[in-house]
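A.B. asks: got a sequence here, can you build the structure:
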Amino acid sequence: RADVYNLGDVAAGKRSAFERSYLENCLGANPVLKPLTDRPRADLDRLLRIAGGDDSARSDLEWHYSAHELEDVLAVLRHLGRVQQVLAKVNAAYIASAASSEEFRNEPPFKLQGSYRNMAKIAAKVVPALTTAAAASDKTVQLAALKALAMLGADEALPTFQQRLNDPDRTLAQAAREGLASLPGRATDEAILGLLKSDSAAAQQTGIELAGRRRLSAAVPLLLALTRQGGPPVRAAALRQVGELGGEKEVTVVLDLLLTARDSGDIAAAQQALLSLAGQTAEAAVTAKVIPALTRAAPAVRAALLEVLAALGGPEALQAVRAACNDADAETRSAAIRALSSWKTADAAPALLELATKAGNETDRRLALGGYLTLAGNSDLPADQRLEMCRHAARLVQQPADKNRLLAALGLIASLDTLDLIVPHLDDTATRNEAAAALVAVADKLVRGDLPAPGARRLAEALDKAAGSVDNADVTRRARNLAEQARKKAGP
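C.D. replies: Residues are numbered from 1 along each chain as shown. The predicted structure is shown next:
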């Protein structure tokens, strides 16, 4: 029997260890203390010392506790320390009674046990006390109780969080939302679904937020209903969450909502939802549904769909966007060129170069040229391909901003052939600083490798020119240092 061993422990002078074992055995019963069971054993000794007033033990903790977690753990240990003291006295009385001979007993046997089981039961009963504290008149107490309830995650906390959701005090209302977001269980999910069914826009918005934070896929049908029935802010928020929580079967529904949208907020929300759904399903399947929808869409919606295709990428999407660049509608043409200019892969480069050369107006030509230069600066592409793209772009750049973008792309290519494209820009006051920076970047890569003597001499001459062309002290210093390294490689 446990009480016999307990008696032996006490009699052997191990009372302190025995009394502390109450706390050790109830750790798993308390959500705040349960993580300690998987952490360094010595930390419990230190935490008990800190809870008892010895702050010197804080620096000895092996686990990296956040300030918030540490204070919560210490608070619970202090509370349970008082419980442990009471139960230890109860247990001592039980042992004393059990050790008494019946013939000498002058009172009934004391049968109330201060057992480990009772300690665990009490440790798990912290939540009801906290729900009472959450209703206190002092805001500081209320807030602390709500935060503690959120950490404990017990079902009993649900009504308290629900009551506080619409609290006039925004801090308390936010604490209640945080609690609902983290509180496990089907009952909490049902409470959030209930918010989505509410006639209150504020409750609907809260439900939408919480459904997203809990990844509550069961909320999708209600969210879709709100996209048709709610006010503008609710519609937009519900659409965004459908994108986060939905799947392939929601693609068609969201696409239809986008096609019928007239408000710019609804268009943006539906577009975002469509992109989110594409990230969770087969992108090719989404592309196959978006392309036919282009012909049915109003200009503003068509522009949104073209941006979606640009984000999805792929040969079919590229072909559709490229065709839209020749659309009779000016708004569609501009949207298509913007979409093409944001393309992430090199297969758009030929179309962008063609538009940069032949587009009907300067704005479209520069937009296409900017997209082309962005691809030329993509270090994932082979250096030879990027250099060739820069040669094509060099014949088209006219504005200083475009020239500087070209120079930035050239600065990423470790090739002596870039010098022919960079050095002429050292003579232009609008581009000399960017040209010098690009040349220094190229030279820094070249001098680290095998550089033939003729090439080294050519590089040193270019660097000398760069050093004398700019008033940036750091670029000048680096250009001179690299020129000296190039001369050493060139030899006598």
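
A.B. asks: pretty sure residue 58 sits against residue 49.
C.D. replies: No - counting by Cβ atoms under 8 Å, residue 58 does not reach residue 49; the two are 9.2 Å apart. (C-beta placed from N, C-alpha, C; glycine too.)

A.B. asks: phi, psi for residue 449 please.
C.D. replies: phi -110, psi -160 (degrees, to the nearest 10).

A.B. asks: chain neighbours aside, what residue packs nearest to it?
C.D. replies: residue 414 (7.5 Å; Cβ to Cβ, 6 or more residues apart in numbering).

A.B. asks: what residue ranges in the stretch 1-150 of the chain score low on pLDDT?
C.D. replies: Scanning the stretch 1-150 of the chain for pLDDT under 70 picks out 1-15, 19, 104, 110-115, 122-131, 133.

A.B. asks: thought residue 215 was touching residue 245?
C.D. replies: Yes - contact status for residue 215 versus residue 245: in contact at 6.7 Å, counting by Cβ under 8 Å.

A.B. asks: in the stretch of helix or strand residue 292 belongs to, what's buried?
C.D. replies: Using DSSP states H and E, residue 292 sits within helix 283-293. By neighbour count on 16 or more other Cβ atoms under 10 Å, the buried set for helix 283-293 is 283, 286, 287, 290, 291, 293.

A.B. asks: out of those residues, which comes closest to residue 459?
C.D. replies: residue 283 (44.7 Å; Cβ to Cβ).

A.B. asks: can you report phi and psi for residue 136?
C.D. replies: According to degrees, to the nearest 10, residue 136 has phi -70, psi 170.

A.B. asks: how close does the nearest residue to it once chain neighbours are set aside get to residue 175?
C.D. replies: Spatially, and ignoring its direct neighbours in sequence, residue 136 is nearest to residue 142 (5.6 Å; Cβ to Cβ, 6+ apart). Applying Cβ to Cβ, to the nearest Å, the value for residue 142 to residue 175 is 8 Å.

A.B. asks: residue 101 now?
C.D. replies: For residue 101 relative to residue 175 (Cβ to Cβ), the value is 58 Å.

A.B. asks: one more: residue 373?
C.D. replies: For residue 373, the distance to residue 175 - Cβ to Cβ - is 50 Å.

A.B. asks: can you check residue 326 too?
C.D. replies: From residue 326 over to residue 175 (counting by Cβ to Cβ), the distance is 57 Å.

A.B. asks: the two - which one has more neighbours?
C.D. replies: Remark: of residue 326 and residue 175, residue 175 carries more neighbours, 23 against 10, as counted by other Cβ atoms under 10 Å.

A.B. asks: wait, what's in contact with that one?
C.D. replies: 143, 146, 147, 150, 164 (Cβ atoms under 8 Å, 6 or more residues apart in numbering).

A.B. asks: which SS state does it fall under?
C.D. replies: Taking DSSP: H, G, I helix; E, B strand; the rest coil as the rule, one finds residue 175 in the helix state.

A.B. asks: picking that back up, from the buried residues of helix 283-293, which is closest to residue 95?
C.D. replies: Looking across those and measuring by Cβ to Cβ, the closest to residue 95 is residue 283, at 70.8 Å.

A.B. asks: ok, and the closest non-adjacent residue to that closest one?
C.D. replies: Nearest one to residue 283, counting by Cβ to Cβ, 6+ apart, is residue 312 at 5.0 Å.

A.B. asks: I'd say that neighbour and residue 289 touch.
C.D. replies: No - Residue 312 is beyond contact range of residue 289, at 10.8 Å (criterion: Cβ under 8 Å).

A.B. asks: by contact count, what packs against the helix of greatest length in the chain?
C.D. replies: When the chain is parsed with DSSP state H, its longest helix is helix 67-99. On a contact count with 3 or more Cβ pairs under 8 Å, 6 or more residues apart in numbering; DSSP states H and E, helix 67-99 meets helix 2-11, helix 15-26, helix 41-51, helix 116-123.
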